[in-house]
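Asks: got a structure for you, letters missing:
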């Protein structure tokens, strides 16, 4: 017997040593030394690029491959902390604040050179560790800011389009301003992810209209038969006292979930090799299961996946059969190349074959956008989507991942596919988009929504639209029902801000041209039949299944308020716009400052039950700290 045990012991040892570990979920809460939850703390699996950020309540939840994994917790202004997982499924962590003193710091951002800067004040109140920055110093501060290579995220592989900001235009030369609405909010959550990693975002990542529209605004519900209410407000521009700001806010009609039409949803999930990891495919699975929980019996779900090829892994299945749908989601694994074009074709084919007449027909694409097989160029993908949208199937694009995220491509897909675009940087954002804003994300109440503003030259000398650069339209497009524009979802709000140069104000922002030889000399009227109107806002929209647009006109009276007396809607939207201009290092930022952003936002935080506005304030504080390194945003030459 002893001989047998001696013989089999080595075999048992080898088998146990090489027994494959099973992945499992670890969750917990990150707090400071006073017990206050810390949002935006980066939680990484050491030696990998797998990670996430804590939610507004300091909580995190992620998959680990084995108990030997080590979690690295890092937050701006706090010392790094490591925890070996072991057999624990709940790991709560307390981070200690870094006691910074005045010292000379040499900061080198990834791929960029930085000069020495004297920090003139203690910084303990500014939260956040500068993750992703190598910092050396004459003191002992380097102990806290020395970031290993494995924790860095290389943003040079991410793709962003260059944004050419809207300029000021003279009303006498350009009395009309025309643009499409934009309900996307991907830019804000992506910028949040980059800031939480301790870096300032590239300029191309900052789309100010998407940052503004990430937040909810308390506009009144529409009273008549139109699908949205129209709201306006006027006050001073806080960054330029000579200028005015005009806010235009739309509130989509909120349809109770029980009254929403039946859904025919096709999940199109990227399972290529670039989607490996808990913050990519793992997060996709968790997101989709949140969405499945919202479905009713009359709703149907199909699942199409693509890697080197595309395939149908779940035929149309009733929303009542949640177990079967979730099992199909759980069985997904990542690997291979990325044939995005083939996946899109199969997803639309599946959606068409199961088309719900009078219902909500939609493809939900989950990907990092890193297509590399078959039709993958921007032009090829745009033409493919434009052709497929004729079927009446809408598109929702959900972006995942970091380091190789192709933001520019995702934007184009959503814009061309009668759709919307969100970036999912954690399970909390997935809940916001797919649960809290379920109707707005997935149910269109008006399509091809366009705005055209006519300015009164007796009141306005010049203007510029803040943001919406990739949504601008020619003035002739407003009446052209063949011209595609943005969609408005159930309960969605859309906010736009115009910066106005009043009549009689001289401004270096307005460029002059030589006098025209053959044009009639027209002198702006000092008075007119509409002397109390500063502008007229016109709207066109179609029903979700309609082909002919309807027109609404909304004159705006020149009744401005002191900014302190404006609504919380106005002040918070303005604070976000000012923040965006600072992140972009806008040539129009004038006297904008982080301090002013914080002052406006704090006084306009309102009820904030979900904590998103409080989180915004913390992000501004982090960006203010990061800006002290003079890490100016990078403006790309085209798509990177």
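Replies: Structure's in. What do you need? Given the structure is predicted, the values throughout are model-derived calculations rather than measurements. Numbering: from 1, shown residues only.

Asks: can you map out the strands along the stretch 151-300 of the chain?
Replies: Using DSSP state E, counting those that start in this stretch, the strands of the stretch 151-300 of the chain run over residues 169-170, 176-180, 228-237, 240-252, 263-270, 300-306.

Asks: quick one: which of these is nearest residue 50?
Replies: strand 263-270 (16.7 Å; CB to CB). In short, each C-beta sits where N, CA and C put it, glycine included.

Asks: And the closest one, what's buried?
Replies: 263-270 (16 or more other CB atoms under 10 Å).

Asks: What of stretch 239-257?
Replies: So, applying 16+ other CB under 10 Å, buried residues of stretch 239-257: 239-240, 243-253, 255.

Asks: What of stretch 299-308?
Replies: Quick answer for stretch 299-308 (16+ other CB under 10 Å): 299-307.

Asks: Then stretch 574-587?
Replies: 574-584, 586.

Asks: Could I get the contacting residues of residue 336?
Replies: 271-273, 307-308 (CB atoms under 8 Å, 6 or more residues apart in numbering).

Asks: how close does the spatially closest residue to it that is not a sequence neighbour sit to residue 333?
Replies: Spatial nearest neighbour of residue 336, chain neighbours left out: residue 307 (3.5 Å); criterion: CB to CB, 6 or more residues apart in numbering. Separation of residue 307 from residue 333 (CB to CB, to the nearest Å): 9 Å.

Asks: in the stretch 351-500 of the chain, which ranges drop under the pLDDT threshold?
Replies: By pLDDT under 70, the low-scoring segments of the stretch 351-500 of the chain are 371-378.

Asks: now the strands for it?
Replies: 360-367, 394-399, 419-423, 444-455, 460-465, 486-489, 493-502.

Asks: Quick one: the ones you listed as JSON lines, columns for mean neighbour count and distance to residue 227 too.
Replies: Converted to JSON lines, those look like this (neighbours: other CB atoms under 10 Å; distance: least, CB to CB, whole Å):
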{"stretch": "strand 360-367", "mean neighbour count": "25", "distance to residue 227": "15"}
{"stretch": "strand 394-399", "mean neighbour count": "25", "distance to residue 227": "16"}
{"stretch": "strand 419-423", "mean neighbour count": "26", "distance to residue 227": "16"}
{"stretch": "strand 444-455", "mean neighbour count": "24", "distance to residue 227": "5"}
{"stretch": "strand 460-465", "mean neighbour count": "23", "distance to residue 227": "23"}
{"stretch": "strand 486-489", "mean neighbour count": "26", "distance to residue 227": "7"}
{"stretch": "strand 493-502", "mean neighbour count": "23", "distance to residue 227": "12"}
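
Asks: about what we covered before: out of the buried residues of stretch 299-308, which is nearest to residue 233?
Replies: The nearest member of those to residue 233, counting by CB to CB, is residue 299 at 38.6 Å.

Asks: ok, now how distant is the closest one from residue 265?
Replies: Look at residue 299 and residue 265: by CB to CB, they are 7 Å apart.

Asks: Quick one: end-to-end distance for stretch 533-550.
Replies: 23 Å (CA to CA, to the nearest Å).

Asks: Flag every buried residue along it.
Replies: 533-535, 537-542, 544, 549.

Asks: re the thing from before, I'd like to know which of the buried residues of stretch 299-308 is nearest to residue 569.
Replies: Using CB to CB, the buried residues of stretch 299-308 come closest to residue 569 at residue 299, 33.4 Å.

Asks: correct me, but residue 435 touches residue 295?
Replies: No: using CB atoms under 8 Å, residue 435 is not in contact with residue 295, being 11.6 Å away.

Asks: These two: who's more crowded?
Replies: Neighbours were counted for residue 435 and for residue 295 using other CB atoms under 10 Å; residue 295 has more, 20 against 14.

Asks: Check the closest residue to that one other than its chain neighbours and give its pLDDT.
Replies: Excluding the flanking residues, the one nearest residue 295 by CB to CB, 6+ apart is residue 319, at 2.9 Å. Here the pLDDT value assigned to residue 319 is 93.

Asks: Please give me every residue in contact with residue 319.
Replies: Counted by CB under 8 Å, 6+ apart, residue 319 has contacts 263, 292, 295-301, 325.

Asks: go on, residue 534?
Replies: With contact set as CB under 8 Å, 6+ apart, residue 534 has these partners: 234, 246, 455-456, 459-460, 500, 556-558.
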